[in-house]
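Chemist: Need a 3D model of the sequence below.
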Amino acid sequence: MSGLFAIYRKELGDYFSSYRFVILFALIAMVSFITSYMAGISLRESLAQDPKGSRFLFLMLFSTAGARFSMIQFVAFFGPLMGLFLGFDAINRERAQGTLVKVVSQPIYRDAVINGKFLAGATVITVMIIAVVMVITGFGLTLLGVVPEVEEILRLAVYVVISIFYVSFWLGVSILFSILFRSSATSALASVAAWILFSFVIFFGASAVANAVSPIEKNEPSLEAVMLNFKITEWVSVSSPMVLYMNSTATIIDPSANTTNELARALRGPWEQILSARFQSPLPLGQSLIVVIPYVISLVAITLICFAVSYIVFMVQEIRT
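Modeler: Numbers count the residues shown, from 1 in each chain. Alright, predicted model coming up:
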């Protein structure tokens, strides 16, 4: 593809040399330091009380809540900001500066522009996520003195891949808005509004919708109403990319998670008292992948669809001086 590598290299250089990247990376690194340090201290105290601890103690660095949230929760809620900040002015900034017309007037295909920008942004996201994981890994080796097993490393690799696709979805959303709106401020506001809608409104509004459709009586709740309420909550919540990400990564990082179904999780406490042996053995990586594969496929699909929409809109859009 003519010009793809040139656009990719130019965008990559702009990202790594910009103050935006430095500030964003410093913020993410600082939060990662604090979160991993607090989680490591908490795990070390638990390990002192129970020397045997857990078999997958290293993975608990990512799932154990630090001061406020775990690393999985941090990436789920605030990881989209990485993608949004990297792409909200990817196209309209070029329009405003008048460089987009000059670029496409060269022997460079138009699709090389959008492809190069998306690939460069995805590369920056990959670097950030891998850096954060390496920071937490270093804290784990220093504070806990535990060496990850092979399965833990494989689970961590799967987690990194899922996280890259998740943040890249929001990169595609921000690039789409930068194509649709000529103003960088408007595309930034639209991107943040989409993030709030899909990450918070749907996530917290799913229970409200379920309670409105199938209310649960406080005195004598019926089993049918409870099950319908849980099903509606799950159906509404899975329309949020954040829920898809959290369900998949929480199961990958936590081998003891046997299901992503909210109803099964709610009833899991009483079942454990009766059939505790069923939940004592952690799932192997292959079985965990089978559990989360619908969520992973959905996450990859919406990422590709979002970029495809951005690609089509950009290809048919008129470029004026």
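
Chemist: CA atoms for contacts and neighbours, from now on please.
Modeler: Will do.

Chemist: the bottom helix or strand of this protein by mean pLDDT?
Modeler: Scoring the helices and strands of the chain by mean pLDDT, DSSP states H and E places helix 268-274 at the bottom, with a mean of 42.

Chemist: Can you name the element that comes right after it?
Modeler: Once helix 268-274 ends, the next helix or strand along the chain (criterion: DSSP states H and E) is helix 285-316.

Chemist: I'd like the average pLDDT over that following helix.
Modeler: Averaging pLDDT along helix 285-316 yields 91.

Chemist: Could you report the neighbour count for Ala90?
Modeler: 25 (other CA atoms under 10 Å).

Chemist: Leu289 now?
Modeler: The tally of other residues near Leu289 (other CA under 10 Å) stands at 18.

Chemist: give me every residue that touches it.
Modeler: Going by CA atoms under 8 Å, 6 or more residues apart in numbering, Leu289 touches Ile252.

Chemist: how about 6 Å then?
Modeler: Leu289 makes contact with no residue, according to CA atoms under 6 Å, 6 or more residues apart in numbering.

Chemist: One more: Phe177?
Modeler: Per CA under 6 Å, 6+ apart, neighbours of Phe177: Ser187.

Chemist: what about 8 Å?
Modeler: Phe88, Ser187, Ala188, Ala190, Ser191.

Chemist: Name the member of those residues that has the highest neighbour count.
Modeler: Phe88 (31 neighbours).

Chemist: Quick check, pLDDT for that one.
Modeler: Phe88 is assigned 88 on the pLDDT scale.

Chemist: Tally up the residues packed near the closest residue to it other than its chain neighbours, please.
Modeler: Nearest non-adjacent residue to Phe88, counting by CA to CA, 6 or more residues apart in numbering: Ser174, 4.5 Å away. When counting by other CA under 10 Å, one arrives at 34 neighbours for Ser174.

Chemist: thinking Ser174 is in contact with Gly87, fair?
Modeler: Yes: counting by CA atoms under 8 Å, Ser174 does reach Gly87; the two are 5.1 Å apart.

Chemist: Poorly predicted segments of the stretch 51-200 of the chain, please.
Modeler: Within the stretch 51-200 of the chain, the stretches with pLDDT under 70 are 51-55, 66-68.
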